[in-house]
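Asker: Any chance you could fold what I've pasted below:
(3 chains)
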Amino acid sequence: MKPIFDWNFAWEILPTLGQALIITVQATLIGMLVAVTLGLVLALMRRAPLWIVSAPAAFIVEFVRSTPLLVQMYFLFYVLPSTGLSMSPLTTGILALGVHYAAYCAEVYRAGLEGVPRGTLEAATALNLSRWRTAVGVLLPQAIPPVVPALGNYLVAMFKDTPLLSAITVVELLQQSKMIGSTTFRYTEPLTLVGALFLVLSLAAAWCVRRVEGRLKLYGGTR
Amino acid sequence: MDDLLALFPPLLEGLAVTLQITFGAAVLAVPLALAAGMARTSRLRAVRAVSTVYVEIFRGTSALVQLFWFYYVLPMFGLRLPALLVGIVVLAANAGAYGAEVVRGAIAAVPPGQREAAVALNLTASQTLRRIVLPQAFPAMLPPAGNLMIELLKNTALVSLITITDLTFRGQLLRSETLRTTEIFVVVLLLYFAVALLMTAGVRMLERRFRIR
Amino acid sequence: MSASIRLKQLRKQYGDLQVLRGIDLEIPAGQTVSVIGPSGSGKSTLLRLLMTLDRPSSGEILIDGESMWKDAQGREMGPNSPHVRRVRGKIGMVFQHFNLFPHKTALGNVIEAPIHVEGLSRAEAVQRGTEYLDMVGLGDKLDAYPAQLSGGQKQRVGIARALAMRPEIMLFDEVTSALDPELVGGILQILRDLAAKRTMTMLIVTHQMKFAERSSDRTLFFDQGNIVEDAESATLFSSPQEPRTQQFLQSVIEAE
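Answerer: Modelled structure (predicted):
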């Protein structure tokens, strides 16, 4: 009768899982980079006075936020190649993560941008600052610090969504554990280890976000 | 055009399964969230600890990992459950954990003066919670709860990866059979979007009904 | 029916902060006592301790000779124990920020405790509630929600709600401080009428010096957690003995 949890086996597979973890972390960090950048673009587009710019941005944000990431991933994975764009599964997955979370980040930025006191923008106009300087020197420095904790939380959320990449053949943590399971018929150890890894890392990341939030409060940064 | 229409029946069958799972999990998640949310503020340390562990585990790990764990590992302990049940229960547990934080936050947001007034009138702790705190916390729970419902709807797509024939599963199946990839996934996305919009409208109606005048 | 209050070496501290430093006080049943002093002097904390909203760090509170927190055998009891609830039932409080239940009407606020604590039937509670709301001048606002009432009206509901439980001791925590000036007089008149009836022991924390001087039997001046002066109201205001009292009263006159 095999033991319920074989610690030796768990120890053996740890290095393999470690390699998959690197892929997971890569995907998270690059995906988040895409998300915060694209999200800012979308948020600024929504504030544009031109309806033809703001309406599509608003629709994209609503649509992407309300539909499953998995289906969006499938869409990019199966549809992109036919447009001539050939990317690795990992790249496709990172793109899907980035676009999906860009929609969430756009909402976060929206709250931050709306929280900037109108008076400071009027003062910038009175000082004859260019639109670019106003955005870079007055608007964004006030809009972004308060929302950093929320962005941090989305980083953690994206990390927890990386297992979806297994559905488009990327060998990240979940896929690796499934592969170990299907060859050794032992699923308990790999899946439990993966669960524990996610738990520990996301708790650690959440703790970091709280620390950053605390620091920002000290400087009067958050609302 | 005909073959496009032919896509609909199987997709709609999948949608029916998706809706089943969504509402089944939601029905389970609500009492779970209320119980865990209130337990987080209990005076008994053991009760607090249990609910905290539950909330932290289900919020701190990935929903898909949770689904796989329960689907593959439970049989190793001798528990063979139908995939549909595993899907509903795990998604309910996941949503319940996030819901618990919403409940806890809403209860904490009720002004302390309300509890003080209740003490001054000599209401018991239970009466205070039931008659004074919860009725005021409830309207505050609705908007975040609405968001969680949409998250739940999106999470149901994950059950396609543990062989449940939901909308996403059907979409994948049709794709491999007909290769009409773009059309299929656009329709699938639009169906999810439509359901999400209906849910948001429903929550907004509830918010209006329960607003404190 | 009114009750007496006795405080023995009552102390309250939060961490390193001493808010009440060894208060000894005796208030006979039926007396109306004003409590004045600068903010942070401990006046509100005193009321909170009397209302069982907080527990003393040390010292004793005796209501009609009975310990608030210790049962007959001298054991410390919890805030939800039958003993503490019985003592608490003799005390009522009106709050600075009203603390009305926003999801209930004015009448709903007033009948809540009579039904669920005293066990009155709904009909009996409504009759009693209507009486008290009439008494504070809100007979026509029974079905109004707090959001629809002015500050003065909200405070009247607060007073009616507390009175409806027929307490033997009533605590008033700066009940006019959150009101617009023109609404203050109405509330003070209600307090004056209550004091004149002499049916309860009343403890009134207030910044309304004229009210304290003319409408209460006795005034306590609090400063930095101690009772600095304790005298008959007329005497304390006309000839304060302690220099700190004199200082305080002087600065208050300048502000008016």
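Asker: switch to C-alpha atoms for all contacts and neighbour counts from now on
Answerer: OK.
Asker: Grab the nearest non-local neighbour of residue B:74.
Answerer: In space, and not counting its chain neighbours, residue B:74 is closest to residue B:80: 6.7 Å by C-alpha to C-alpha, 6 or more residues apart in numbering or on different chains.
Asker: which bits of chain A sit near chain B?
Answerer: Within reach of chain B by C-alpha under 8 Å from any C-alpha of the partner chain, chain A has these residues: A:4, A:63, A:66-72, A:74-75, A:78-79, A:160-161, A:163-164, A:167, A:174, A:187-188, A:191-192, A:194-196, A:198-200, A:202-203.
Asker: Just the buried residues of these.
Answerer: Those of the residues of chain A next to chain B that meet the buried threshold are A:63, A:66-72, A:74-75, A:78-79, A:160-161, A:163-164, A:167, A:174, A:187-188, A:191-192, A:194-195, A:198-199, A:202-203, by 16 or more other C-alpha atoms under 10 Å in any protein chain shown.
Asker: What score does residue A:48 have for pLDDT?
Answerer: Looking at residue A:48, its pLDDT stands at 87.
Asker: picking that back up, kindly confirm my reading that the residue nearest to residue B:74 forms part of a strand.
Answerer: No: applying DSSP: H, G, I helix; E, B strand; the rest coil, one finds residue B:80 to be coil, outside a strand.
Asker: how about the strands in chain C?
Answerer: C:5-14, C:17-27, C:32-36, C:58-63, C:66-67, C:91-94, C:169-173, C:201-205, C:218-223, C:226-232 (DSSP state E).
Asker: can I get these in CSV with mean pLDDT and distance to chain A?
Answerer: Below are these laid out as CSV (pLDDT from 0 to 100; distance: least, C-alpha to the nearest C-alpha, whole Å):
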stretch, mean pLDDT, distance to chain A
strand C:5-14, 95, 24
strand C:17-27, 94, 23
strand C:32-36, 96, 36
strand C:58-63, 94, 35
strand C:66-67, 94, 44
strand C:91-94, 95, 33
strand C:169-173, 96, 31
strand C:201-205, 96, 34
strand C:218-223, 95, 33
strand C:226-232, 94, 35
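Asker: Can you give the contact residues for stretch C:230-239?
Answerer: Applying C-alpha atoms under 8 Å, 6 or more residues apart in numbering or on different chains, the set of residues contacting stretch C:230-239 from outside is C:212-214, C:216-221, C:229, C:249.
Asker: And whichever helix in chain B runs longest, what's buried?
Answerer: Counting residues, the longest helix found in chain B (DSSP state H) is helix B:2-39. The neighbour-count check on helix B:2-39 (16+ other C-alpha under 10 Å) flags B:7, B:10-12, B:14-15, B:17-26, B:28-30, B:32-39 as buried.
Asker: ok, now stretch B:81-93?
Answerer: So, applying 16+ other C-alpha under 10 Å, buried residues of stretch B:81-93: B:83-84, B:86-93.
Asker: same question, stretch C:15-33
Answerer: Buried residues in stretch C:15-33, counted by 16+ other C-alpha under 10 Å: C:19-24, C:27, C:29-33.
Asker: circling back to that earlier point, following the chain onward from the longest helix of chain B, which element is next?
Answerer: helix B:45-60 (DSSP states H and E).
Asker: Based on its surroundings, how many neighbours for residue C:86?
Answerer: For residue C:86, the neighbour count with other C-alpha atoms under 10 Å in any protein chain shown is 13.
Asker: typed the wrong thing, it's residue A:216
Answerer: Residue A:216 has 17 neighbouring residues, counting by other C-alpha under 10 Å.
Asker: Tell me where the model's unsure across the chain.
Answerer: As the question left the chain open, I've gone with chain A. A:1-3, A:218-223 (pLDDT under 70).
Asker: sorry, should have said chain C
Answerer: Residue ranges of chain C with pLDDT under 70: C:256.
Asker: ok, 50 please
Answerer: Within chain C, no stretch has pLDDT under 50.
Asker: domain ranges for it?
Answerer: Split into domains by automatic domain parsing, chain C comes to C:1-61+C:170-256, C:101-166.
Asker: roughly how far out does the first one sit from the chain middle?
Answerer: Just to be clear, that refers to domain C:1-61+C:170-256. For domain C:1-61+C:170-256, the separation from the chain centroid amounts to 9 Å (computed by C-alpha atoms, centre = their mean, to the nearest Å).
Asker: Distance check, residue C:45 against residue A:79.
Answerer: 68 Å (C-alpha to C-alpha, to the nearest Å).
Asker: For chain B, what lies in contact range of chain C?
Answerer: By the rule C-alpha under 8 Å from any C-alpha, the part of chain B lying against chain C is B:113-114, B:116-117, B:119-125, B:127, B:132, B:135-136, B:212-213.
Asker: go with 10 Å
Answerer: B:111-125, B:127, B:131-133, B:135-136, B:211-213 (C-alpha under 10 Å from any C-alpha of the partner chain).
Asker: Extract the C-alpha set from stretch C:93-101 and format it as CSV.
Answerer: C-alpha atoms of stretch C:93-101 as CSV (Å, rounded to 0.1, in the frame of the first residue of the first chain):
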residue,chain,number,x,y,z
MET,C,93,-27.2,56.9,27.1
VAL,C,94,-27.6,59.6,24.5
PHE,C,95,-24.7,60.1,22.1
GLN,C,96,-23.1,63.1,20.5
HIS,C,97,-23.5,61.7,17.0
PHE,C,98,-27.0,60.3,17.6
ASN,C,99,-26.1,56.7,16.5
LEU,C,100,-29.7,56.2,15.3
PHE,C,101,-30.3,53.0,13.4
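Asker: Just want the residue of the stretch 1-150 of chain C that's nearest chain A.
Answerer: Closest contact between the stretch 1-150 of chain C and chain A, by C-alpha to the nearest C-alpha, is at residue C:15 (22.4 Å).
Asker: Contacts only, for that residue.
Answerer: By C-alpha atoms under 10 Å, 6 or more residues apart in numbering or on different chains, residue C:15 lies in contact with nothing.
Asker: I'd like to know how far it sits from residue C:46.
Answerer: Counting by C-alpha to C-alpha, the separation of residue C:15 from residue C:46 is 17 Å.
Asker: Go through stretch A:165-172 and flag the buried ones.
Answerer: Under 16+ other C-alpha under 10 Å, the buried positions of stretch A:165-172 are A:165-168, A:170-172.
Asker: Out of the residues you listed, which comes closest to chain C?
Answerer: Proximity of these to chain C (C-alpha to the nearest C-alpha) peaks at residue A:165, which lies at 47.9 Å.
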